[in-house]
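Asker: sequence? don't have it. structure:
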């Protein structure tokens, strides 16, 4: 089988490719990386290609600047692109922050701006994919993942499954907190991408949600993604929010934290990505693929270790993360951990090919899973994935306030997808005004006007 990757020179792609070659060994004969940027081709792209030879699979990974070449005869396509690059993310965040609003890459004004830049590009790729390999499945991680998956599902003939590592990471950490053995836990989870809640959690058939709520302060000390929420609020809710609910539940704290830090997460990531590119290049100049992998793993590890720190703590804590990384041994290619979205993507592929059918949390059309939404609304729910496709399972009932939030955000998503598909700037303004983090139509118009000015050609299609 052949895998094509859109965004093949992205910062996380060497780790993704390594996972495909090790945990997914034997799944793909060919992995074709599409990357138009020459600097990324010579650094992250080169590292991904050379990993194959190091792992005993020379020629398995190739790089191309031609998307049709990547798509031709592909069985699966993994999409992880960022239209406008890191600079676009910084603009998305900073415009919102200047208006006193949450500036986050997938949520609120920033997520809307990112989606508006991305939808036309993704649909153009889908049209090409449908022509080159009409039977291929597109696994979407391009953010905002739920909204982009909704776009492809509604306006393309391409089969699509959206993936995100947030739900599985949260559930794994809850299991570790409770000391659950692998395979012993069951859970309830539902929502939209970056808007999901854990509604139940049992170990060996024993429901433990009551214990988790009672011990929520301990859970917060165990992992900072839980600490961002007020324990009393979580107990009142009766469900555990995933970390992106922080931007909805405590936007004032977010804005104060970013102001105290003097930087946004997008600015942090842009600097880290520049450092990563430089570190890989220098390592190749003086060494081999192992040196490049070690340098890459260190910087990517710092990026992972500082996730959401600026947003919640008012400091990115990068120096602390660097010190901790420096104390450990250099990262080895063969022993690196596999997880995150590459693990979810592997589960989707294993299910759809019939090699390992199972239950995976993905973004997919709702069907009858969540009764409050329409059948074709893309939701994030546990789904049975096998050779017959993706079947969303009946989801657990959300708390009433969560249901209201899901319905409002889905209204925003539906309108924004239509605005991007038609190029209707007025509808884009209306869609943005529907988002819970935007205080009405006047603010939405001002935000969109500024985004159109700063993003220039990326939003020129809006009329």
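Answerer: Here it is on my side, so go on. The model shown is predicted, which means the values in this text are computed figures rather than measured ones.
Asker: rest of the way, CA atoms for contacts and neighbours
Answerer: Will do.
Asker: what's the helix or strand for the closest residue to residue 458 other than its chain neighbours?
Answerer: Sequence neighbours aside, residue 117 is the residue nearest to residue 458 in space, at 5.5 Å (criterion: Cα to Cα, 6 or more residues apart in numbering). Residue 117 belongs to helix 108-132 when assigned by DSSP states H and E.
Asker: doesn't residue 53 belong to a helix?
Answerer: Yes - applying DSSP: H, G, I helix; E, B strand; the rest coil, one finds residue 53 inside a helix.
Asker: can you pull the contacts of it?
Answerer: By Cα atoms under 8 Å, 6 or more residues apart in numbering, the contact set of residue 53 is 59, 60.
Asker: quick one: it from residue 249, how far?
Answerer: 47 Å (Cα to Cα, to the nearest Å).
Asker: now residue 237
Answerer: Distance from residue 237 to residue 249, by Cα to Cα: 11 Å.
Asker: cool, and residue 43?
Answerer: Distance from residue 43 to residue 249, by Cα to Cα: 39 Å.
Asker: who does the lowest-mean-pLDDT helix or strand in the chain touch, helix- and strand-wise?
Answerer: Lowest mean confidence among the helices and strands of the chain (mean pLDDT, DSSP states H and E): helix 318-327, at a mean of 88. With contacts taken as 3 or more Cα pairs under 8 Å, 6 or more residues apart in numbering; DSSP states H and E, helix 318-327 sits against helix 289-305.
Asker: contacting residues around the helix or strand following the helix it packs on?
Answerer: Note on helix 289-305: by DSSP H and E, the next helix or strand toward the C-terminus is helix 309-313. The contact list for helix 309-313, computed with Cα under 8 Å, 6+ apart, reads 228, 253-255, 257-258, 261, 263-265, 315-317.
Asker: recalculate using a threshold of 10 Å.
Answerer: With Cα atoms under 10 Å, 6 or more residues apart in numbering as the test, helix 309-313 has contacts from 102-104, 224-225, 227-228, 246-247, 250-251, 253-266, 268, 315-318.
Asker: narrow those residues to those that are buried.
Answerer: Neighbour-count burial (16 or more other Cα atoms under 10 Å) applied to these gives 102-104, 224-225, 227-228, 246-247, 251, 253-259, 261, 263-266, 268, 315-316, 318.
Asker: in helices, which of these appear?
Answerer: 224-225, 227, 246-247, 251, 253-259, 261, 265-266, 268, 318 (DSSP state H).
Asker: all strands of the stretch 101-250 of the chain, in order?
Answerer: Secondary structure of the stretch 101-250 of the chain (DSSP state E, counting those that start in this stretch): strands at 137-140, 159-162, 185-192, 195-203, 206-207, 240-241.
Asker: looking at these, which is nearest to residue 110?
Answerer: Nearest to residue 110 among those is strand 195-203; the distance by Cα to Cα comes to 15.5 Å.
Asker: partner strands of that closest one, parallel or antiparallel?
Answerer: Paired with strand 195-203 in the same sheet, following DSSP bridges, are strand 185-192 (antiparallel), strand 206-207 (antiparallel), strand 240-241 (antiparallel).
Asker: tell me the most buried of those?
Answerer: Of all the strands paired with strand 195-203, strand 240-241 has the most neighbours on average by mean count of other Cα atoms under 10 Å, namely a mean of 25.
Asker: that one: how far from the chain's middle?
Answerer: 18 Å (Cα atoms, centre = their mean, to the nearest Å).
Asker: just to revisit the earlier point, need the strands paired with strand 195-203 in CSV with distance to residue 75 and mean pLDDT, can you?
Answerer: Output for the strands paired with strand 195-203, formatted as CSV (distance: least, Cα to Cα, whole Å; pLDDT from 0 to 100):
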stretch, distance to residue 75, mean pLDDT
strand 185-192, 27, 97
strand 206-207, 40, 98
strand 240-241, 35, 98
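Asker: in a markdown table, list those along with distance to residue 36.
Answerer: What follows is the strands paired with strand 195-203, written out as a markdown table (distance: least, Cα to Cα, whole Å):
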| stretch | distance to residue 36 |
| --- | --- |
| strand 185-192 | 31 |
| strand 206-207 | 50 |
| strand 240-241 | 38 |
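Asker: to residue 380, which of those strands lies closest?
Answerer: With Cα to Cα as the criterion, residue 380 lies closest to strand 185-192 of the strands paired with strand 195-203, at 4.7 Å.
Asker: low-confidence ranges, the stretch 51-200 of the chain, go.
Answerer: Judged by pLDDT under 70, the stretch 51-200 of the chain has no weakly predicted residues.
Asker: any idea of the mean pLDDT in stretch 220-230?
Answerer: Confidence over stretch 220-230, taken as the mean pLDDT, stands at 96.
Asker: just stretch 284-303 next, same as before
Answerer: 92.
Asker: buried residues, it. List them.
Answerer: The neighbour-count check on stretch 284-303 (16+ other Cα under 10 Å) flags 284, 289-300, 302-303 as buried.
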